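> this is the structure alone, sequence omitted:
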């Protein structure tokens, strides 16, 4: 059975009807220019916005589930979020941990270099530090080692404000989650990152999913030119396919 099912999910003026099924353990990238509808679609998947069509998570409509139920099944990282006032990092993380002790979050804290940030106020963090705290929180919320009921992770441009080393660390965490059966759906503007790591890609333009399938089938020069109105080439560098805008 599919983990997440979309049945003619739409939003007037922003998202054309989308119907699809996402399986457990799938790492799906939503790719396309600004205004393509990626954030709108993620918000609908999360159950945080309403509109035409139905979203089913683990066999039930998200609209029929309570907030606490959704919080156990899925977590969502919006593109922008203001840090809460006067709250230390450790407290913010524990709010997402379903009663687990802070020690149980140590692998995430260490993987994202947050140990020395725990006593700091979230409002006093840099942009990159706040992004890492947010990522640790939403991953903890659905990580099977912390919450065995976690099934789905939704991320809107999670690589924002992360340097190359931090992006690599996040990639390892996401790969581990997918191997544990958690479905991951994220928006991305880094075409080469999606080509290298995504299991599936939905290429979007003006609210429409114009191509979907595995990354190598979707991220072709022809498809990308039709969406971005720019010429692309796909070349091999050290046995890795790389997209070049030429």
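All right, it came through fine. Computed from a predicted model, the values in this text were never measured in an experiment. Residues are numbered from 1 along each chain as shown.
> just give me the neighbour total for residue 151.
Applying other CB atoms under 10 Å, we find 20 residues neighbouring residue 151. (C-beta placed from N, C-alpha, C; glycine too.)
> nope, residue 89 is what I was after
So residue 89, with other CB under 10 Å, has 26 neighbours.
> same question, residue 125
Using other CB under 10 Å, residue 125 has 18 neighbouring residues.
> and the pLDDT at it?
Per-residue confidence (pLDDT) for residue 125: 95.
> for residue 164, same thing?
Taking residue 164 on its own, its pLDDT is 95.
> any idea of the pLDDT on the residue most central in space within the chain?
Closest residue to the average C-alpha location of the chain: residue 155 at 2.2 Å, with CA atoms, centre = their mean. For residue 155, the model assigns a pLDDT of 98.
> same check, this time on residue 80
87.
> which residues are in contact with it?
Contact analysis of residue 80 by CB atoms under 8 Å, 6 or more residues apart in numbering lists nothing.
> measure the closest residue to residue 113 other than its chain neighbours to residue 144 for me?
Distances taken as CB to CB, 6 or more residues apart in numbering place residue 132 nearest to residue 113, at 7.1 Å, with adjacent residues excluded. Remark: distance between residue 132 and residue 144 (CB to CB, to the nearest Å) = 21 Å.
> ok, the two, which is more surrounded?
A count of neighbours by other CB under 10 Å puts residue 132 above the other of residue 132 and residue 144, at 25 against 14.
> sorry, back to before: wait, the residue nearest to the centre of the chain sits on residue 184?
Yes: counting by CB atoms under 8 Å, residue 184 is a contact partner of residue 155 at 7.0 Å.
> re earlier: and the residue nearest to residue 113, what element?
According to DSSP states H and E, residue 132 maps onto helix 127-142.
> what packs against that helix?
strand 74-77, helix 89-94, helix 106-111, strand 152-155, helix 164-179 (3 or more CB pairs under 8 Å, 6 or more residues apart in numbering; DSSP states H and E).
> contact partners for the residue nearest to residue 62 when sequence neighbours are not counted?
Distances taken as CB to CB, 6+ apart place residue 47 nearest to residue 62, at 3.5 Å, with adjacent residues excluded. Applying CB under 8 Å, 6+ apart to residue 47 gives the contacts 55, 57, 62, 63, 65, 70, 74.
> that older thread, now do the helix holding residue 132 against helix 164-179, angle only.
Here the directions of helix 127-142 and helix 164-179 differ by 10 degrees (axes from the mean of the first three to the mean of the last three CA atoms, to 10 degrees).
> flag every buried residue along helix 127-142.
Buried residues in helix 127-142, counted by 16 or more other CB atoms under 10 Å: 129-142.
> pick the one among those residues closest to residue 25.
residue 142 (13.0 Å; CB to CB).
> quick one, what contacts that closest one?
Residues counted as contacts of residue 142 (CB under 8 Å, 6+ apart) are 73, 74, 75, 150, 151, 152, 153, 177, 182.
> which residues of this structure fall in helices?
38-46, 67-73, 89-94, 106-111, 127-142, 164-179, 191-197, 215-218, 221-228 (DSSP state H).
> redo those helices as CSV? Include distance to residue 235.
Listed next are those as CSV, based on distance: least, CB to CB, whole Å:
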stretch, distance to residue 235
helix 38-46, 27
helix 67-73, 41
helix 89-94, 42
helix 106-111, 32
helix 127-142, 31
helix 164-179, 21
helix 191-197, 11
helix 215-218, 13
helix 221-228, 10
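> out of these, flag the one nearest residue 204.
helix 38-46 (5.9 Å).
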